[in-house]
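> have a look at this fold, sequence not included:
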Ligand code: HEM
């Protein structure tokens, strides 16, 4: 205040000395104007903070970052929700974060088109706004619409006899053969499933699959898991940019960039191969995957010489490659972790496993292939998957949204540019929606003997940016799980403890590595 007054006085004296003083307002008028402005700023700030959802106070510049206890972010956010309720705000470095822990509030927010932005953090910026998961505005809208349409065209539907079902079944058959070859020795199901789940996404994107023992698959996995670790080691940079200028951090950032380039190169090579193949063929061919659909679109718009609104202001090749990277990163670990958790649950809940097998027995003999044709008759089996997702929450904090305009929610106003985090794990454990939430009860997802997924189920997100792969995930989870249960019995190796529900938190919430003895069921 004192410094401000001195500066104002000196500035006034200087201007007065260098201009016609009769035209200047008096010093008193200037003081009054400055004080009024100061009061207005203070009131505005008070209004801003009063309308924010409640939350802990932080310190300037760092916000609450320095006070985070040594616990996982989802555990910390859950603890805050216990203290402040279903909506609270907290400053993290440069970012204002608002957390939502109620399904009703989340629905209210995420259906609004003003809340479909993504954070502009240094790590997100490495992707240049391309792709689908982190793109925004017109590009995101057009891409989402296009992908949604093409997923359906390629047979990503829960109805029987869809073209895409046969690719999933092919992977399942190879997986079951490998389990049989394990001859009851302990194996880690997550390791065995990884290539098959990846192959499902590869088939969708580019009609490609990795064979067993393919070095390229091992290398690809290595790059991705290294990338995840690197991301984790500089995540504070998401909230405080300057953190990335510290010694050693720039090198990590450069390695992340190289890592992303390697993943993009793998998909870029597939794109170039496809462009070459297509150059050698003329005439119409049924598109066999997403690459074909994209390239048909690009060629079509060249022929008509029209403006290509699917790629507003972006290089189509860069965009297609980033979509491939995104579908891989959004669809691989999520589905893989859920399937591994479903095995964990069946070990921990033998009564539920028995009920699943009883239901299967009513429909087909053990060892026979379960297809989507049987799905309507297996509601309990599918309910087990929804209960697994609810109980363990593989994406406990969803994906952060950003609002492009101030949003009013009840008595609060969320200022534009806020990071909005959905507390999906907390919502899955809400005792009002799911009584006795600690208990594993697939019946929660049944009504009159049929599968019924309540509106409050948010593990795939909600609203305009809800998971684009929900149908694909449901298809593959059902087919893999039902076939595994119909062909194998599984038990823990002698003397080994039950896998914990706490699991490990990497890019997803996954079970800690565990092994199981698989025994083929007699038909
Ligand atoms: C169990 C499996 C899965 C779970 C639990 C899951 C969950 C989620 C969640 C919570 C979101 C964030 C939604 C939001 O931003 O509010 C999301 C987004 C997304 N998911 Fe999934 N997902 C799964 C499988 C898949 C699969 C198999 C694919 C496709 C290959 C996929 C593709 C996407 C995409 C592209 C987005 C971003 C959508 C957008 O930003 O518009 N997901 N998913």
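Good, I have the coordinates. All of these numbers come straight from a predicted model, not from anything done at the bench.
> from the ligand, how far off is the nearest residue to residue 365 once chain neighbours are set aside?
Computed as CB to CB, 6 or more residues apart in numbering, the closest residue to residue 365 that is not its neighbour in sequence is residue 523, at 5.3 Å. Every residue, glycine included, has its C-beta placed from N, CA and C. For residue 523, the distance to the ligand (CB to the nearest ligand atom, to the nearest Å) stands at 30 Å.
> quick one: the helices in the stretch 401-523 of the chain, in order.
Remark: helices assigned in the stretch 401-523 of the chain by DSSP state H, counting those that start in this stretch are 424-428, 470-487.
> which other helices and strands does the shortest one contact?
In this structure, helix 424-428 packs against helix 73-84, helix 379-392, with contacts taken as 3 or more CB pairs under 8 Å, 6 or more residues apart in numbering; DSSP states H and E.
> quick check: residues of the stretch 251-400 of the chain near the ligand?
Proximity of the stretch 251-400 of the chain to the ligand (CB under 6 Å from any ligand atom) is limited to residues 326-327, 330-331, 334-335, 338, 394-395, 398-399.
> likewise the chain?
So far as CB under 6 Å from any ligand atom goes, the chain lies against the ligand at 132-133, 144, 201, 326-327, 330-331, 334-335, 338, 394-395, 398-399, 459-461, 465-469, 472-473.
> now the residues you listed: which count as buried?
132-133, 144, 201, 326-327, 330-331, 334-335, 338, 394-395, 398-399, 459-461, 465, 467-469, 472-473 (16 or more other CB atoms under 10 Å).
> name the residues of the strand or helix carrying residue 267 that are buried.
Assessed by DSSP states H and E, residue 267 sits inside helix 249-279. Buried positions in helix 249-279, judged by neighbour count with 16+ other CB under 10 Å: 249, 252-253, 256, 259-260, 262-264, 266-268, 270-271, 274.
> distance from the chain centre to it, please.
21 Å (CA atoms, centre = their mean, to the nearest Å).
> which secondary structure elements does that helix sit against?
Against helix 249-279 (3+ CB pairs under 8 Å, 6+ apart) you get helix 189-206, helix 215-233, helix 290-303, helix 316-348.
> 7 Å instead, please
helix 215-233, helix 290-303, helix 316-348 (3 or more CB pairs under 7 Å, 6 or more residues apart in numbering; DSSP states H and E).
> what sits against residue 483?
Counting by CB atoms under 7 Å, 6 or more residues apart in numbering, residue 483 touches 172, 176, 369-370.
> the ligand versus that one, what's the distance?
With CB to the nearest ligand atom as the criterion, residue 483 and the ligand are 17 Å apart.
> could you find the closest non-adjacent residue to the residue in the stretch 151-300 of the chain that the ligand sits nearest to?
In the stretch 151-300 of the chain, the residue that lies nearest the ligand is residue 201 (5.2 Å; CB to the nearest ligand atom). For residue 201, ignoring the flanking residues on the chain, the nearest one in space by CB to CB, 6+ apart is residue 331 at 5.0 Å.
> can you check the pLDDT for the one you found?
Looking at residue 331, its pLDDT stands at 94.
> same thing with residue 354?
Confidence for residue 354, expressed as pLDDT, is 97.
> check residue 204 too.
At residue 204, pLDDT is 97.
> what's near enough to touch it?
154, 289-290.
> so which of those is the closest to residue 119?
residue 290 (26.4 Å; CB to CB).
> ok, the residue lying closest to the closest one once chain neighbours are set aside to residue 401 distance?
Among residues not flanking residue 290 along the chain, residue 205 sits closest, at 5.0 Å (CB to CB, 6+ apart). The spacing between residue 205 and residue 401, counted by CB to CB, to the nearest Å, is 25 Å.
> these two: who's more crowded?
residue 401 (26 against 23; other CB atoms under 10 Å).
> from memory that one sits against residue 115, does it?
Yes - taking CB atoms under 7 Å as the definition, residue 401 is a contact partner of residue 115 at 5.2 Å.
> who touches both of these two?
residue 420.
> okay, the contacts of residue 483 in CSV with distance to residue 24 next?
Below are the contacts of residue 483 laid out as CSV (distance: CB to CB, whole Å):
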residue, distance to residue 24
172, 84
176, 89
369, 90
370, 87
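> residue contacts, the nearest residue to residue 336 once chain neighbours are set aside?
In this structure, residue 336 finds its nearest non-sequential neighbour in residue 197, 4.7 Å apart by CB to CB, 6+ apart. By CB under 7 Å, 6+ apart, the contact set of residue 197 is 332, 335-336.
> and which of these is nearest the ligand?
Among the contacts of residue 197, and counting by CB to the nearest ligand atom, the member closest to the ligand is residue 335, at 4.7 Å.
> in the stretch 401-523 of the chain, which residue sits nearest the ligand?
Closest point on the stretch 401-523 of the chain to the ligand, by CB to the nearest ligand atom, is residue 469, at 2.0 Å.
> got the phi and psi for that residue?
Main-chain dihedrals, residue 469, degrees, to the nearest 10: phi -100, psi 20.
> please consider this matter closed, and thank you.
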